[in-house]
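1. I'll drop the sequence and a predicted model, then ask my questions.
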Amino acid sequence: MLRPVGATVGYELDGAVATLTLDRPQRLNAITPALIEDLEAALDRAEADDAVRVIRLKGAGRSFCAGYDIEWGAEHMEEAEGGRAWDPMADYRMMSRFVGAYMRLWRSPKPVIAQVHGHCVGGGTDFALCSDLIVCADDCRIGYPPARVWGSPTTAMWLYRVGLERSKRLLLTGDTGPMHLAAAVGTPIVAVFGPSMPWRYAPLVADHRIVRVDLPCSPCNRIRQPPERCVGHTPDCLVGVTTEMVVAAGRDLLASTLAVPRP
């Protein structure tokens, strides 16, 4: 049963797996201070529960997380500055509050699996990159477009996860790419497929960069033209993604990554 933690994060316990759901679907789970507070409260609950062995982080609706909520950001900037000069130390203190929450995923004593679908951009990438394993639907688009305006991401986890040169390519362009691009540049990913697997993913499966999770239906293009039935809640094609499937896929990915020597 999904129980709310505050108004923006859901908490569900299924056996040894605690599922934390970013729950602002009408805003594509965009980040606000309230969401960060609720996420940390949910992490407190999961870490304090001895029955919990794994934490799963996902988003409600048609995207994992679209980054910071620009509406909240504009209001905050107007309140903080109001025509005054930008205060870098005040900005640092404010952003450190968010970074501290992301790094709690990284420092969690229990493994964290990020289940990503739709958009995972801007600050939303910090949630995913600070997790131990990343599980992606094949419609996922990952990137950091704010790099074009505000510079480097706050956690710098791109550098840690994909290396210096690849990080530069992603962050100097600010481009977003589909899931297979993220896998190609070195981020190990579990992909969710329908009855058939797109041909472009085959080399990545063979190279153990992608582990398959099959669903009875084929995911539609939910990013540009989401069906009405998928707006504001979990799309039909992802309803079939159970806790067991995500944990098993993560286990397979970890096993294959450890088993295959890297150049």
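-> Arrived safely.
2. Just the element for residue 47, please.
-> helix 33-48 (DSSP states H and E).
3. List the buried residues for that helix?
-> 35-40, 42-43, 45-46 (16 or more other CB atoms under 10 Å). Glycine gets a C-beta too; all of them are placed from N, C-alpha and C.
4. How about stretch 24-35?
-> Buried positions in stretch 24-35, judged by neighbour count with 16+ other CB under 10 Å: 24-25, 27-32, 35.
5. Also stretch 52-64?
-> Along stretch 52-64, the positions that meet the burial threshold by neighbour count (16+ other CB under 10 Å) are 52, 54-64.
6. same deal with stretch 95-104?
-> Within stretch 95-104, the residues that qualify as buried by neighbour count (16+ other CB under 10 Å) are 98-99, 101-102, 104.
7. about what we covered before: in strands, which of the buried residues of stretch 52-64 fall?
-> Of the positions in the buried residues of stretch 52-64, 54-59 sit in strands, assigned by DSSP state E.
8. Leaving out chain neighbours, which residue sits closest to residue 72?
-> By the measure of CB to CB, 6 or more residues apart in numbering, the closest residue to residue 72 outside its immediate chain neighbours is residue 32, 4.7 Å from it.
9. Residue 98 versus that neighbour, what's the distance?
-> As for residue 32, its distance to residue 98 is 10 Å (criterion: CB to CB, to the nearest Å).
10. Now do the helix holding residue 47 and strand 54-59, the angle between them.
-> Going by axes from the mean of the first three to the mean of the last three CA atoms, to 10 degrees, helix 33-48 is angled at 160 degrees with respect to strand 54-59.
11. Residues in contact with helix 33-48: which ones?
-> With CB atoms under 8 Å, 6 or more residues apart in numbering as the contact definition, helix 33-48 has outside contacts at 5-9, 11, 18, 20, 22, 24, 29, 52, 55, 72, 97-98, 101, 104-105, 108-110.
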